[in-house]
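Colleague: After the sequence you'll find the predicted model.
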Amino acid sequence: MGHTAAVCDSKIATERVKGSNGVDQIVLRNSQGASAKVSLHGGQVVSWRNDRGEELLFASSKANSKASKAIRGGIPICFPQFGNCGSLEQHGFARNKIWIVEENPPSLPSKDSRGKSFIDLLLKPTEEDLKCWPHSFELRLRVCLGMDGNLTLISRVRNTNAKPFSFSFAYHSYLSVSDISEVRVEGLETMDYLDNLCQKERFTEQGDAITFEAEFERVYISSPNCVAVLDHERKRTYVLKKEGLPDVVVWNPWEKKSKSMADLGAHEYRQMVCVDGAAIEKPVTLKPGEEWTGRLEIIVVPSSFCSKNLGF
Ligand SMILES: O=P(O)(O)OC[C@H]1O[C@@H](O)[C@H](O)[C@@H](O)[C@@H]1O
């Protein structure tokens, strides 16, 4: 992690450290000892720890250390394309670009800053980006760590072009779990989904909750704004609350696919599940000057708390 230097964004003191891929990361801390780390590579949250120092996001032991690649784990930002649905590279270019810290971004509601440690990042297209996606935009990301340790990501996309454009977006959130066989995703019952393992065919979720026993790759359409991921072994529940993000992606590569992924350890698929707040099925369209906001808050609670208080 080498060099450290103080970064003051004038609102809150944060720290800048060098990531193992050589790209700077911003460390956010709250007064309770929780922390989050955001890489300028991709605007990707690469670590989120609670006040006991436990890592809440999965990070692969074989994560690529090249500065040109997204890290396998954390929360990569997929923009302006999700997956391979388009002419761009898989999941779009934003996760592979170097973002900058923005000192004075346009204001956000006070709930997205009050009492929180936060950092604002900005991505604008380069000449190179404009050749493959000819739309001028500003993509802003605020990452906030609350007093309670909650993690909130707020993305804003502004059309700075003279013509409308459309895009897809996802917070590709790799949650750390004890073992995938212990995991249950609640809140997506009866929802329609596109199954990426069946040529994106549309089905309706029949089960009470999602459990995992094979490769899983679905986009749940127009899903509720609150989804819970329960880890029975750890008795820990992640609650994802989203705004402006109608869809939820649920992904686990399972054994065979993970063997083909050079940056994932042989059995590491068991320690992760991706549950993403996303806008995929209906791409977002912005007219010149318009702005879109997509907000994801992740809360971690004991599982007993969740079932009693969150209505699952
Ligand atoms: O390996 P990547 O590009 O980070 O993508 C990871 C996975 O992301 C998922 O969202 C896709 O549904 C999978 O098909 C893909 O393999």
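Modeller: That came in fine, so what should we check first? Numbering: from 1, shown residues only.

Colleague: Is Asn84 in contact with Ser168, as I believe?
Modeller: No: using CB atoms under 8 Å, Asn84 is not in contact with Ser168; the gap is 11.3 Å. Any C-beta I mention is one placed from the backbone N, CA and C, and that applies to glycine too.

Colleague: More neighbours: which of these two?
Modeller: Ser168 (22 against 11; other CB atoms under 10 Å).

Colleague: Which helix or strand contains that one?
Modeller: Using DSSP states H and E, Ser168 maps to strand 165-171.

Colleague: C-alpha coordinates for that strand, PDB please?
Modeller: Taking Å, rounded to 0.1, in the frame of the first residue of the first chain, the C-alpha atoms of strand 165-171 are listed here in PDB:
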ATOM      1  CA  PHE A 165     -28.300   9.000 -25.700                       C
ATOM      2  CA  SER A 166     -29.200   5.800 -23.900                       C
ATOM      3  CA  PHE A 167     -27.200   3.700 -21.500                       C
ATOM      4  CA  SER A 168     -27.300   0.800 -19.100                       C
ATOM      5  CA  PHE A 169     -25.900   0.800 -15.600                       C
ATOM      6  CA  ALA A 170     -25.100  -1.600 -12.700                       C
ATOM      7  CA  TYR A 171     -23.400  -1.500  -9.300                       C
END
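
Colleague: Just after it, pick out the following helix or strand.
Modeller: Downstream of strand 165-171, the next assigned helix or strand under DSSP H and E is strand 174-176.

Colleague: Show me what that next one is packed up against.
Modeller: strand 272-286 (3 or more CB pairs under 8 Å, 6 or more residues apart in numbering; DSSP states H and E).

Colleague: Provide the contact partners of the helix or strand following the strand it packs on at residue level.
Modeller: Sequence-wise, the next helix or strand downstream of strand 272-286 (DSSP H and E) is strand 291-302. If you take CB atoms under 8 Å, 6 or more residues apart in numbering as the criterion, strand 291-302 is touched by 48, 50, 56, 112, 148-159, 169, 171, 173, 235-245, 277, 279, 284, 286, 309-310.

Colleague: From those residues, keep the buried residues only.
Modeller: 48, 50, 56, 112, 149-159, 169, 171, 173, 236-242, 244-245, 277, 279, 284, 286, 310 (16 or more other CB atoms under 10 Å).

Colleague: Within range of the ligand, give me the residues from the stretch 101-250 of the chain.
Modeller: Contact residues (CB under 6 Å from any ligand atom) of the stretch 101-250 of the chain with the ligand: 196, 217, 249.

Colleague: how about a cut-off of 5 Å?
Modeller: Glu217 (CB under 5 Å from any ligand atom).

Colleague: Now the stretch 101-250 of the chain against the ligand: closest residue?
Modeller: Nearest to the ligand in the stretch 101-250 of the chain, going by CB to the nearest ligand atom, is Glu217, at a distance of 4.4 Å.

Colleague: ok, now which ones touch the residue nearest to that residue when sequence neighbours are not counted?
Modeller: Nearest residue to Glu217, sequence neighbours excluded (CB to CB, 6 or more residues apart in numbering): Asn196, at 4.0 Å. Contacts for Asn196 were tallied using CB under 8 Å, 6+ apart; they are 83, 217-219.

Colleague: What does Lys259 show for phi and psi?
Modeller: Per-residue torsions, Lys259: phi -70, psi -30 (degrees, to the nearest 10).

Colleague: Let me fix that, I meant to ask about Ser113.
Modeller: Backbone torsions for Ser113, taken as degrees, to the nearest 10, come to phi -150, psi -30.

Colleague: Over to the one 10 residues further on?
Modeller: Taking degrees, to the nearest 10, you get phi -130, psi 130 for the backbone angles of Leu123.

Colleague: since we're on it, how many residues are nearby?
Modeller: Using other CB under 10 Å, Leu123 is surrounded by 25 other residues.

Colleague: these two touch, right, it and His41?
Modeller: No: counting by CB under 8 Å, Leu123 sits too far from His41 to count as a contact (11.1 Å).

Colleague: picking up where we left off before, and the strand holding Ser168, what other elements does it pack with?
Modeller: Secondary-structure packing of strand 165-171 (3+ CB pairs under 8 Å, 6+ apart): strand 77-78, strand 151-159, strand 272-286, strand 291-302.

Colleague: Is it possible to get those out as CSV so that each row also shows mean pLDDT and distance to Glu182?
Modeller: CSV is the format used below for the helices and strands packed on strand 165-171 (pLDDT from 0 to 100; distance: least, CB to CB, whole Å):
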stretch, mean pLDDT, distance to Glu182
strand 77-78, 98, 27
strand 151-159, 98, 22
strand 272-286, 98, 10
strand 291-302, 97, 15
